[in-house]
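Undergrad: sequence-free structure coming up:
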């Protein structure tokens, strides 16, 4: 599906793990899409549009 952005996807998954375990390193640690994007180092709209499946998984 989103195979053209594998690095973004791996960063988002790692960020999800950190946020869900309370070990945020870059963001404020809140369980929001904005914090997930900051934690993963991707633009929020990229998360919302290109990686909607990961956003939904996070919620």
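TA: Structure's in. What do you need? Owing to the predicted nature of the structure, the values given are computational and were not obtained by experimental measurement.
Undergrad: Number of residues surrounding the residue nearest to residue 28 when sequence neighbours are not counted?
TA: Once flanking residues are discounted, residue 28 sits nearest to residue 35: 5.9 Å by CB to CB, 6 or more residues apart in numbering. Backbone N, C-alpha and C define where each C-beta goes, glycine included. Neighbourhood size, residue 35 [other CB atoms under 10 Å]: 19.
Undergrad: Residue 35 against residue 20, yeah?
TA: No: contact criterion CB atoms under 8 Å: residue 35 and residue 20 do not qualify, at 11.2 Å.
Undergrad: Let me know the helix or strand that the residue positioned nearest the centre of the chain is in.
TA: Nearest to the mean C-alpha position of the chain, by CA atoms, centre = their mean, lies residue 12 at 3.5 Å. Element membership of residue 12, judged by DSSP states H and E, is helix 6-20.
Undergrad: who are the neighbours of that helix, in terms of helices and strands?
TA: In terms of contacts (3 or more CB pairs under 8 Å, 6 or more residues apart in numbering; DSSP states H and E), helix 6-20 is packed against helix 33-40, helix 52-58.
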